[in-house]
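Participant: The sequence and its predicted three-dimensional model are supplied below.
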Amino acid sequence: MNPPIRRIALNTGGGDAPGLNAVISSVVWAAVSRGWDCVGIRDGFNGILQPEQYPDGGVVPLTRERVRGISHLGGTILGTTNKGNPLHYPVRRPDGSLGEMDRSGDVIDYFRRERIDALVSVGGDGSLTIAHELAQRGLRVVGVPKTIDNDLDKTYTTFGFDTAVSFATECLDRLHSTAESHQRIMVVEVMGRYAGWIALHAGIAGGAHAILIPELPFDLERVAAKVRDRDARGRSYTLVVVAEGAQPLAGERAVLAAAEVGHAERLGGIGEQVAAGLARLTGKEARVVVLGHLLRGGSPSAFDRIAAKRFGTAAVRGLAQGLTGVMVSLAHPNVVYVPLAEVAGRMKAVPPDSDTLQTARDLEISLGDGGAHPSLA
Ligand code: F6P
């Protein structure tokens, strides 16, 4: 039986996403209303593991006063990093090369020493895998699912995704008129890592004519055929949305930087390849817009603010009920708790039988794979 909670810590890890501040604020409000103290760890776990980097404190008090007026702001007041996994913490070896070591024990010791009873960990697949491991090692942990990519398993959606999709949609709305005026192909590259959620949703919402996602390796000739078909019907411009992780049938994924110790590989560049290929195949002008980190910035949408506040308060309710090793999750229409063990190390790709994919096909949006839906073929 766990002792009652008096003090909790909160951290944000991985790439930032709109809604993080709304989670922080709502956790603090719900915790304080139960009489708990709340502290925030700076930059993932770095505030604990590299305290010398933080002259003002690597772990800071989070009061209601401190979190007032932040819910509508992008980013995270705690800072974040995707280079500070305590289980594989980067260390410089005496010979100057980079190695890694398990520093999870240091995190757990810190919690014991500072009498912090539990952790609310807000993050994506990497952070929630860390949260799972820390829970396995005895820390009381509740995870909150964050990522613009929407690629976390066991939740209908993550917060941050809706804002990213809304922004990409607005960009597509703006590109229609310039593409049409110049009779061009416009290729819009969006983030999403190895999942096509942002591309698929924004592409459908923004009226794209082709959408290329990692789940369906594409044949550029099929996209070129779509461009030619539109031209033949007097529609002499085409908008293509390509996910950064999309991959040609005969070719490689576009990688900007290979993975290194403590850092995943960086994707990017497929937009340029697609534009150059389409220009070659169709003889038309093609231009590329890479939305990149713009998708991570700005104020969270109303949907993401609500999701963030529901998740944040549910995380505190879960801890109050004695839960640990779980993630709050949207099982539409309710927020529920799922074991972190079912989330850690897994990725939610767009399923081949998704009705959203079928929607794209029925709207005659090219997915570059040329096929009817596999389930219908
Ligand atoms: O996971 C969020 C995300 O924005 C991905 O869509 C993208 O591939 C990655 O992070 C970029 O990470 P970084 O900011 O480290 O370049």
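Facilitator: Alright, I've got the coordinates.
Participant: Quick one: the helices in the stretch 51-200 of the chain, in order.
Facilitator: Taking DSSP state H, counting those that start in this stretch, the helices of the stretch 51-200 of the chain run over residues 64-67, 104-113, 125-136, 161-182, 197-205.
Participant: What residues sit buried inside the longest one?
Facilitator: Taking 16 or more other Cβ atoms under 10 Å as the neighbour-count basis, helix 161-182 is seen to contain the buried residues 161-169, 171-172, 175, 179. All C-beta spots, glycine's among them, are computed from the backbone N, C-alpha and C.
Participant: Adding pLDDT and distance to the ligand, write those out as CSV.
Facilitator: As requested, those are exported to CSV (pLDDT from 0 to 100; distance: Cβ to the nearest ligand atom, whole Å):
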residue, pLDDT, distance to the ligand
Phe161, 98, 10
Asp162, 98, 15
Thr163, 98, 12
Ala164, 98, 8
Val165, 98, 12
Ser166, 98, 16
Phe167, 98, 13
Ala168, 98, 12
Thr169, 98, 17
Cys171, 98, 16
Leu172, 98, 18
Leu175, 98, 20
Ala179, 98, 24
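Participant: I figured Leu246 hits Ile198, correct?
Facilitator: One thing to correct before we go on: residue 246 is Ala, not Leu. No - checked against Cβ atoms under 8 Å, the pair Ala246 and Ile198 is beyond contact range at 11.4 Å.
Participant: can you give me the offset of stretch 47-65 from its chain's centre?
Facilitator: 25 Å (Cα atoms, centre = their mean, to the nearest Å).
Participant: List the buried residues for it?
Facilitator: Neighbour counts over stretch 47-65 (16+ other Cβ under 10 Å) mark 47-49, 54, 58-60, 62 as buried.
Participant: how about the residues you listed in CSV, adding pLDDT?
Facilitator: Listed next are the buried residues of stretch 47-65 as CSV, based on pLDDT from 0 to 100:
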residue, pLDDT
Gly47, 98
Ile48, 98
Leu49, 97
Tyr54, 98
Gly58, 98
Val59, 98
Val60, 98
Leu62, 98
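Participant: Quick check: the two most widely separated of these?
Facilitator: Across the buried residues of stretch 47-65, the longest distance by Cβ to Cβ is 19.2 Å; it joins Leu49 and Leu62.
Participant: So for Ile213, which of the helices of the stretch 51-200 of the chain sits nearest?
Facilitator: helix 197-205 (5.2 Å).
Participant: Now do that closest one, average pLDDT.
Facilitator: Across helix 197-205, pLDDT averages out at 98.
Participant: cool, and stretch 344-351?
Facilitator: Stretch 344-351 carries an average pLDDT of 96.
Participant: what do you get for stretch 123-136?
Facilitator: 97.
Participant: Quick check: the closest residue to the ligand within the stretch 1-150 of the chain vs Leu295, distance?
Facilitator: At 3.7 Å from the ligand, Gly15 is the closest residue in the stretch 1-150 of the chain, using Cβ to the nearest ligand atom. Using Cβ to Cβ, to the nearest Å, Gly15 is found at 10 Å from Leu295.
Participant: and those two? which has more neighbours close in?
Facilitator: Using other Cβ atoms under 10 Å as the criterion, Gly15 and Leu295 rank with Leu295 on top: 26 against 22.
Participant: Can I get the helix or strand hosting Gln273 as CSV, trimmed to CA atoms?
Facilitator: Following DSSP states H and E, one finds Gln273 within helix 270-282. Only the C-alpha atoms of helix 270-282 are listed here, as CSV (Å, rounded to 0.1, in the frame of the first residue of the first chain):
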residue,chain,number,x,y,z
ILE,A,270,11.6,13.8,-49.3
GLY,A,271,9.7,16.9,-50.4
GLU,A,272,12.6,18.1,-52.6
GLN,A,273,12.9,14.6,-54.1
VAL,A,274,9.2,14.4,-54.9
ALA,A,275,9.1,17.9,-56.4
ALA,A,276,12.2,17.2,-58.6
GLY,A,277,10.7,13.8,-59.7
LEU,A,278,7.3,15.2,-60.5
ALA,A,279,8.9,18.1,-62.5
ARG,A,280,10.9,15.6,-64.5
LEU,A,281,8.0,13.3,-65.1
THR,A,282,5.4,16.0,-66.0
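Participant: ok, that helix near the ligand or not?
Facilitator: No - judged by Cβ under 6 Å from any ligand atom, helix 270-282 and the ligand are separated, with a smallest distance of 11.7 Å.
Participant: Without its sequence neighbours, what residue ends up closest to Gln50?
Facilitator: Gly58 (7.0 Å; Cβ to Cβ, 6 or more residues apart in numbering).
Participant: cool, Gly318 as well?
Facilitator: Val142 (4.9 Å).
Participant: quick one: pLDDT of the one you found?
Facilitator: 98.
Participant: Tell me the pLDDT of the residue of the chain positioned farthest from its centre.
Facilitator: What lies farthest from the middle of the chain is Ala232; by Cα atoms, centre = their mean that is 39.0 Å. We have a pLDDT of 98 for Ala232.
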